[in-house]
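J.: Quick check, what structure comes out for this input:
(one chain, ligands or ions: 2)
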Amino acid sequence: MVKICCIGAGYVGGPTMAVIALKCPSIEVAVVDISTSRINAWNSDTLPIYEPGLDDVVKQCRGKNLFFSTDVEKHVQEADIVFVSVNTPTKTRGLGAGKAADLTYWESAARMIADVSKADKIVVEKSTVPVKTAEAIEKILTHNSKGIKYQILSNPEFLAEGTAIQDLFNPDRVLIGGRETPEGQKAVQALKDVYAHWVPEDRILTTNLWSAELSKLAANAFLAQRISSVNAMSALCEATGADVTQVSYAVGKDTRIGSKFLNASVGFGGSCFQKDILNLVYICECNGLPEVAEYWKQVIKINDYQKSRFVNRLVSSMFNTVSNKKIAILGFAFKKDTGDTRETPAIDVCQGLLGDKAMLSIYDPQVTEDQIQRDLTMKKFDWDHPIHLQPTSPTTVKQVSVVWDAYTATKDAHGICILTEWDEFKSLDFQKIYDNMQKPAFIFDGRNIVNVEKLREIGFVVYSIGKPLDAWIKDMPAVA
Ligand SMILES: NC(=O)C1=CN([C@@H]2O[C@H](COP(=O)(O)OP(=O)(O)OC[C@H]3O[C@@H](n4cnc5c(N)ncnc54)[C@H](O)[C@@H]3O)[C@@H](O)[C@H]2O)C=CC1
Ligand SMILES: O=C(O)[C@H]1O[C@H](OP(=O)(O)OP(=O)(O)OC[C@H]2O[C@@H](n3ccc(=O)[nH]c3=O)[C@H](O)[C@@H]2O)[C@H](O)[C@@H](O)[C@@H]1O
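T.: Numbering: from 1, shown residues only. Ligands and ions are numbered 1, 2, ... in the order given. Here you go, the predicted model:
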């Protein structure tokens, strides 16, 4: 029986391995982590991450051919194929701080593999890493190998949170990069055989190691670039009276451009887009390509601009101050159908409003009060480390209250911000909400999910990203 071990039981390691276990009953899969609380949660009825369909997949195979364990060394030693899916945060200190990927966790995983292995192994990069990382990993493994042979493969993950199970069941492509030697190709074939249990062969792409590593960074950069492009247009739409939804529909109808991923928003979030682009920028700079680095940096600059533009629009519309005003925040996760808040635009928006002394009442169906308080007090990039290494007792922000439904959040509020596109926000009783708010009642939709005309009829002053401006707002120009 082929044995797989995955180091890192996070958003990628957990769902990816659960799907491999489900689709390959003949393979034994162990997912290991240094975080005991994470592993305990994977073994409980309340999984550590919220992902539609995940519970069902885990329940079908856990205890049969899928195991979650903190006994990292035992499972690594027994495995034929070791996936590494650990954190690769942005460095906060030293060379490349604020841009380069911090490979501390990757390196310690590689050294541990070298220490405990007693037989040849295939080591698979599942984490997103800088191009050429495989070379460094290879050096660590071979210099500590005690005669054991390792083949390093790059097999980046393209799943998106909220649709992870769907994406894993039916991926656009699986990418496998390996050495162009007979041993390298044999390893590529072994991993191909795993995916071939459910992925059609023409969707399994094989490349050299460096192309696979770089394709992952490139794919995330291209995706984020589309959002920054449409968000840049949204600012121009507001200035000219065009409607960004109509513009992106018309643009996306060109089959060369395509309609997906063109929704204007308060900004993209998530653990990877910013981190991976910063990493790409750093790699370009290190390779003497400052113009290319500058080009990609702009994607992040526009994203930051979009978030601060939103805050400025809100404050300027509300008589240029939100001091002591209650602002309801609907949605805190970085997108719907996940409880993940890593790099969510809600953090920047809330911090901007708190900077202007607002009182925030926050509701998100999947994010806990503890998480929100941590996010609003943690330093930039501190969140992307194993849980037990994160600051334990952050201070709480007193002007923030976290509530458990949208009606409580909006009661007596001066304004509402919609920051995550949860489906339940589309069917709220806005007349009831309006009746219970201070007047004039403002609503700032950072996800373009509300019916602007209907809300204006009720009496709201409405701001919707990239849409023709309310007469009220037009008279109060915001400076970004
Ligand atoms: N979250 C996502 O949607 C995607 C993430 N990625 C990439 O996958 C990688 C992992 O991301 P996530 O799963 O989101 O991170 P995560 O933070 O959810 O999970 C990483 C896990 O690795 C564990 N870990 C760290 N060092 C370890 C070690 N030496 N031994 C054992 N366990 C260790 C941590 O405790 C943590 O539970 C990152 O490189 C990320 O860029 C790629 C595609 C999608
Ligand atoms: O490497 C990763 O971590 C993953 O990053 C993204 O997945 P994810 O961040 O989970 O979610 P997305 O659906 O890409 O959304 C990212 C952010 O962009 C925003 N977004 C997305 C699409 C859009 O049209 N407009 C927009 O503002 C979302 O609200 C969210 O804040 C990619 O889509 C995945 O392919 C990739 O594997």
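
J.: Could you count how many residues lie near the residue in the stretch 251-400 of the chain that ligand 1 sits nearest to?
T.: The stretch 251-400 of the chain approaches ligand 1 most closely through Pro386 (3.3 Å), counting by Cβ to the nearest ligand atom. In this view, the C-beta of every residue, glycine as well, is placed from N, C-alpha and C. Around Pro386 there are 15 other residues, counting by other Cβ atoms under 10 Å.

J.: Use 373 as the first number from now on
T.: Yep, numbering from 373; the last one is Pro758 now.

J.: Next one: it relative to Ala469, how far apart?
T.: Relative to Ala469, Pro758 is positioned 20 Å away (Cβ to Cβ, to the nearest Å).

J.: just Asn603 next, same as before
T.: 27 Å.

J.: Tell me the secondary structure at the residue in the chain that ligand 1 sits nearest to.
T.: Nearest to ligand 1, among the residues of the chain, is Gly382, at 1.9 Å (Cβ to the nearest ligand atom). Classification of Gly382 by DSSP: H, G, I helix; E, B strand; the rest coil places it in coil.

J.: all strands of this protein, in order?
T.: Ranges of strands within the chain are 375-379, 400-404, 438-441, 453-456, 493-497, 522-526, 546-550, 576-580, 698-702, 731-735, 772-774, 787-790, 814-817, 833-836, based on DSSP state E.

J.: what's the burial count for the residue lying closest to Gly641 once chain neighbours are set aside?
T.: Spatial nearest neighbour of Gly641, excluding adjacent residues (Cβ to Cβ, 6 or more residues apart in numbering): Phe706 at 3.3 Å. Using other Cβ under 10 Å, Phe706 has 26 neighbouring residues.

J.: cool, and Lys446?
T.: Lys446 has 14 nearby residues by other Cβ under 10 Å.

J.: do the same with Pro554
T.: Neighbour tally, Pro554, other Cβ under 10 Å: 8.

J.: what does this structure put close to ligand 1?
T.: Within the chain, the residues that sit near ligand 1 (Cβ under 6 Å from any ligand atom) are 379-385, 405-407, 410, 444, 457-460, 477, 480-481, 499-500, 529, 531, 533, 643-644, 758.

J.: looking at it, Gln670 is touching Asn603, isn't it?
T.: No - the criterion here is Cβ atoms under 8 Å, and Gln670 misses it with Asn603 at 11.8 Å.

J.: Phi first, then psi, for the spatially most central residue of the chain.
T.: Centroid check for the chain by Cα atoms, centre = their mean gives Gly642 as the closest residue, at 2.7 Å. Dihedral pair for Gly642: phi 100, psi 160, per degrees, to the nearest 10.

J.: Could you report the distance from it to Ala508?
T.: 26 Å.

J.: residue contacts, the residue nearest to the centre of the chain?
T.: Gly642 makes contact with Glu533, Phe706, Lys707, Asp712, Arg714, Glu715, Thr716 under the criterion Cβ atoms under 8 Å, 6 or more residues apart in numbering.

J.: now swap in Gly787 and tell me
T.: By Cβ under 8 Å, 6+ apart, the neighbours of Gly787 are Leu686, Met690, Val694, Lys697, Ile699, Ala700, Ala813, Phe814, Ile815, Phe816.

J.: go with 7 Å
T.: Leu686, Met690, Lys697, Ile699, Phe814, Phe816 (Cβ atoms under 7 Å, 6 or more residues apart in numbering).

J.: for Ser606, same thing?
T.: Val616, Ala636, Ile837, Gly838.

J.: quick revisit: Asn603 and Ala469: who's more crowded?
T.: Set Asn603 next to Ala469 and count neighbours by other Cβ under 10 Å: Asn603 wins out with 25 against 12.

J.: and the residue nearest to the more buried one when sequence neighbours are not counted, how many neighbours does it have?
T.: Nearest residue to Asn603, sequence neighbours excluded (Cβ to Cβ, 6+ apart): Gln678, at 4.5 Å. By the measure other Cβ under 10 Å, the count of residues near Gln678 is 26.

J.: Phe704 is in contact with Val739, correct?
T.: Yes - with contact defined as Cβ atoms under 7 Å, Val739 and Phe704 form a contacting pair (4.6 Å).
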